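Q: next comes the sequence, and after it the predicted model I'd like to discuss.
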Amino acid sequence: MERSSPAGPHRLFARCGSLAFALVAASGLLSPPPASAQFQFAPAGTPGFSALPKAAQPNPPPAPRNEPARATELKSPHTTIPAIPRGKVALALAARFSAEGALINAALHWRVFSAAPDGGGNQVLVAESRDAAPIFALDPGTYVVHAGYGLAGFAKAVELVADPVRETFAMQAGGLRLQAVLGDQPLPAAKVSFDIYANSLVGGGPERPLMRQVEPGALVLLPEGTYQAVSAYGDANAVVRADVKVAAGRISEAMLRHRAAAITLKLVEGPGGNAIANTAWSVVTPAGDVIKESIGAFPSMVLQEGDYIAIARNDSRSFSRDFTIEPGKDQEIEVTTKDLAPNAPTPVSSRRQR
């Protein structure tokens, strides 16, 4: 008889904040994708997720994609158990995306530990497999079986006596794929990245980062639940946040929309003139909060829409110019040596040093 073990949903905690616009679509049940699909794992030991094994691997198996569910998939994949050595007991394992979902046929990592710790208090790894539905031949006894699927993990104790044991885990896991756009155009992958947090924007609580620097389009495997996705465009203040929901057995596609533009700064003697080298720059808000600082003749940056002040310092003199960022309108900001800034707001970072 097949035994199904549901992995209970993880409770997620959140921090309040502004909600960015996101489009999220659940697009069917998961199954193996093309070999070229990107795949990322979270670091081991993430609180509340996969506790026993280290899920990271240099060449992970193909990531899942969508296919329709069929009622026949609810049957155990182990209709027959092959002969095993005398004195051993067969342990046949499989996993589903949910209790009544399709079988997971890729990206699983099974580990079997002895239930009794060794002299150092550690549980000993006795068997391991990356097959979707492995069969282990083990000595009679009690074991802890752990199934890892990306960031999702589930463990339970299994007792082997004499007869073969079939266990099917319900992982309650799905996939999340993130994209960022400016207007209607996707942002270049080299200029944008995502962080994923195990807390929503509306729930309250401390931030719990799960993954950093996730590339656009990469498929991340997660336990079912609500997460906070943070998209950073450039390295200044063009950041948007959104809550995204991951459903068991489905890929959720989330698109985060930025309202920002790229600028290049120049200090010139007159309009259209050559940029003056060795210039120190500060971009601040009208209130004096420092957004970005740099040194050079042509510093570039991406800024969120809004009003700013560019302050240029060269040869012990300061110059400034007000400017406005409109979404998608990249521009070159020229500050001239006639734009003296005797009353330019002192950057917050400078005021704190006094």
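A: Yep, that arrived.

Q: the helix or strand hosting Asp195 - what's its average pLDDT?
A: Asp195 is part of strand 192-197 when elements are defined by DSSP states H and E. Mean pLDDT, computed over strand 192-197, is 96.

Q: can you list contacts of it?
A: By Cβ atoms under 8 Å, 6 or more residues apart in numbering, the list of residues contacting strand 192-197 from outside reads 15, 176, 178, 180, 207-216, 220, 222, 227-233, 256, 258. All C-beta spots, glycine's among them, are computed from the backbone N, C-alpha and C.

Q: make a ChimeraX selection of the buried ones in those residues.
A: The command below creates a ChimeraX selection of those among the contacts of strand 192-197 that count as buried (16 or more other Cβ atoms under 10 Å):
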select :15,176,178,180,208,210,211,214,216,220,222,227,228,229,230,231,232,233,256,258
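
Q: which of the contacts of strand 192-197 fall within strands?
A: Residues from the contacts of strand 192-197 lying in strands, with DSSP state E as the criterion: 176, 178, 180, 209-214, 220, 222, 227-233, 256, 258.

Q: under the pLDDT cut-off, which ranges of the stretch 51-200 of the chain? List them.
A: 51-75 (pLDDT under 70).

Q: please redo it, this time with the cut-off set to 90
A: By pLDDT under 90, the weakly predicted segments of the stretch 51-200 of the chain are 51-81, 98-101, 116-123, 184, 199-200.

Q: would you map the helices across the stretch 201-350 of the chain?
A: If you assign secondary structure with DSSP state H, counting those that start in this stretch, the helices in the stretch 201-350 of the chain sit at 348-353.

Q: no, scratch that, I was asking about the stretch 51-200 of the chain
A: So, for the stretch 51-200 of the chain - with DSSP H, counting those that start in this stretch - there are no helices.

Q: pull up the pairing partners for the strand holding Asp195, direction included.
A: Each strand pairing with strand 192-197, determined using DSSP bridges, is listed with its direction: strand 209-214 (antiparallel), strand 225-233 (antiparallel).

Q: include distance to Glu332 and mean pLDDT when you put those into JSON lines, please.
A: As requested, those are arranged in JSON lines below (distance: least, Cβ to Cβ, whole Å; pLDDT from 0 to 100):
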{"stretch": "strand 209-214", "distance to Glu332": "29", "mean pLDDT": "93"}
{"stretch": "strand 225-233", "distance to Glu332": "19", "mean pLDDT": "95"}
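
Q: what about stretch 192-203, distance to the chain center?
A: Taking Cα atoms, centre = their mean, to the nearest Å, one finds the center of stretch 192-203 at 8 Å from the center of the full chain.

Q: likewise stretch 227-235?
A: If you compare the mean C-alpha spot of stretch 227-235 with that of the full chain, they lie 10 Å apart, counting by Cα atoms, centre = their mean.

Q: same check, this time on stretch 244-262
A: Counting by Cα atoms, centre = their mean, stretch 244-262 comes out at 11 Å from the chain centroid.

Q: now the end-to-end length of it.
A: Across its full length, stretch 244-262 reaches 27 Å between end residues, using Cα to Cα, to the nearest Å.

Q: stretch 103-113 now?
A: 23 Å.

Q: before we move on, what about stretch 111-126?
A: End-to-end distance for stretch 111-126, by Cα to Cα: 8 Å.

Q: how about Val161, nearest residue that isn't a chain neighbour?
A: Spatial nearest neighbour of Val161, chain neighbours left out: Pro140 (5.8 Å); criterion: Cβ to Cβ, 6 or more residues apart in numbering.
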